[in-house]
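Undergrad: Provided below are the primary sequence and the corresponding predicted coordinates.
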Amino acid sequence: MTDWHKLESKYFMPTIKRMPITLVRGKGVRVWDDNGKEYLDFTAGWGVNSLGHCHPVVVGAIAEQAKTLIQTSNQFYTIPQLQLAELLMENSCFDKVFFCNSGAEANEGAVKLARRYGKLHLDGAYKVITALNSFHGRTLAMTAATGQRKFHEPYLPIPDGFINVEYNNVGAIKKAASAQTCAVMLEPIQGEGGVNVPNDGYLKAVRAWCDEKGILLILDEVQTGIGRIGTLFGYEQFGIEPDIISLAKGLGGGIPIGAFLAKEKAAVFALGEHGSTFGGNPLACAAGYATLNFVIENDIPSKVKRSGAYLIDQLNKLKAKHDFIVEVRGRGLLVAIQFNSDFTDKVVKSCMERGLLLNPVKPNAIRFMPPLTIVKKDIDAAIGILDKVLAKV
Ligand code: PLP
């Protein structure tokens, strides 16, 4: 049998510590490794497989599109991207879209759009205020946007134009702003930062201040978008409408796709000012359309609200039982538990051995982001495994 792990260490740049299993198949919330061992997958491809692994609606759309037309470039009109654009616009507060291939790319585009807006309407303002502990992607500019020093250090000097300030603190944004500020960019809930939910009123206050100053509010909804926190878009829960949002992850149901959506006033790109070879390609857009359509038609966000509340409830029961769990936090199916010490690796490894895959988001915190279609029985099974593992910590 091929030793896949040996092959990886021989050929790959070692940028990530993988878990020692090789996954070969998935269905719904379950995956199987190359030894046939079954796992409950509460990582969902890092919040990507919204409808679970290999959902028939997504598989069908990809198969059909693959037989019809895979890629053309944006030199031509193609139908899946137009259908997906229409569905996105009809179900959001936005007017215009640009399709790309990933979350980082979507954020890059959103920031370019804000800089263009700054050039046209704000006297050349170009700086974007982002939050400490945020995560916006791995391109050089998004590394600078990401408010975590550890991502900057290997690449110093990082690109100019980003100021990282304390999250959940509107005063910090006001203090950092200047005549050069064109936008504020925030995650409505910080995902990679450990699932940090801001206080009620934070985003509203930021929105009001951006309006007062005439600068743009960008929400990075790469992780919170497409039903993940219990509404189709995260911004709906905070009583605001941003000027721009970025999407990726859950949008394609597993196929790489990204997008940024803007209100008419912010959609200032002109001919030739942005572009992409693969962005909006028919295959990815067909998967996106099938996924989004299923999420909307089956009111998946309401189901996420209920299953997320149940998951949080069950985790709180574990917290009452295991006193080293100090916090359960999150919304919908973007949830984390925090320990009073760095137990994550140990817990995640033991859960994996018992057939549950979890995401080690921080040395002392674990993130839960199962498919949006998860049912109570599978949440119970996961909680059962976790409970047994925690009993041994
Ligand atoms: N923005 C947020 C909020 C994310 O969580 C991520 C990835 O985890 C990204 C951007 C980057 O997305 P991608 O890895 O698709 O470039």
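TA: It's in. Residues are numbered from 1 along each chain as shown.
Undergrad: count of neighbours near the residue in the stretch 101-250 of the chain that the ligand sits nearest to?
TA: Closest to the ligand within the stretch 101-250 of the chain is residue 103: 2.2 Å, counting by CB to the nearest ligand atom. The C-beta positions use only the backbone N, C-alpha and C, and glycine is treated the same way. Here the count is done by other CB atoms under 10 Å, and residue 103 has 29 residues near it.
Undergrad: so who does it touch?
TA: 136-137, 220, 222-223, 246, 248-249, 258 (CB atoms under 8 Å, 6 or more residues apart in numbering).
Undergrad: now render those as CSV, adding distance to the ligand.
TA: Shown next, in CSV, are the contacts of residue 103 (distance: CB to the nearest ligand atom, whole Å):
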residue, distance to the ligand
136, 5
137, 4
220, 5
222, 4
223, 4
246, 7
248, 5
249, 6
258, 6
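Undergrad: next step: the residues you listed restricted to strands.
TA: 220, 246, 258 (DSSP state E).
Undergrad: per-residue pLDDT, the first one?
TA: The reference is to residue 220. On pLDDT, residue 220 comes in at 99.
Undergrad: wait, it touches residue 183, no?
TA: No: using CB atoms under 8 Å, residue 220 is not in contact with residue 183, being 11.5 Å away.
Undergrad: neighbour count: those two, which is higher?
TA: residue 220 (33 against 27).
Undergrad: and the more buried one, bridged to which residues?
TA: Going by DSSP bridges, residue 220 is paired in beta bridges with residue 246.
Undergrad: residues in contact with residue 44?
TA: 29, 50, 52, 369-371.
Undergrad: closest to residue 298 among those?
TA: Nearest to residue 298 out of those is residue 50 (CB to CB; 11.3 Å).
Undergrad: any idea how many residues pack against that closest one?
TA: There are 29 residues near residue 50, going by other CB under 10 Å.
Undergrad: can you count the residues close to the residue nearest to it when sequence neighbours are not counted?
TA: Nearest residue to residue 50, sequence neighbours excluded (CB to CB, 6 or more residues apart in numbering): residue 250, at 4.0 Å. A total of 31 residues lie near residue 250 under the criterion other CB under 10 Å.
Undergrad: go through the protein and flag its longest helix.
TA: With secondary structure taken from DSSP state H, the chain has its longest helix at helix 300-321.
Undergrad: residues from the stretch 101-250 of the chain in reach of the ligand?
TA: Listed as neighbours of the ligand in the stretch 101-250 of the chain under the rule CB under 6 Å from any ligand atom: 102-104, 107, 135-137, 187, 191-192, 220, 222-223, 248.
Undergrad: possible to save those residues as TSV with distance to residue 341?
TA: Converted to TSV, these look like this (distance: CB to CB, whole Å):
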residue	distance to residue 341
102	34
103	31
104	32
107	33
135	23
136	29
137	30
187	26
191	23
192	21
220	30
222	30
223	26
248	33
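Undergrad: quick check: helices, which of those are part of them?
TA: Filtering those for helices - DSSP H - leaves 103-104, 107.
Undergrad: can you give me the strands for the stretch 51-200 of the chain?
TA: 96-100, 127-131, 162-165, 181-186 (DSSP state E, counting those that start in this stretch).
Undergrad: should've said the stretch 251-393 of the chain
TA: 258-262, 325-331, 334-339, 356-357, 359-362, 365-368.
Undergrad: so what touches the fifth one?
TA: With contact meaning CB under 8 Å, 6+ apart, strand 359-362 is reached by 42-43, 46, 191-192, 194-195, 336, 338, 344-345, 348, 366-369.
Undergrad: understood, closing this out.
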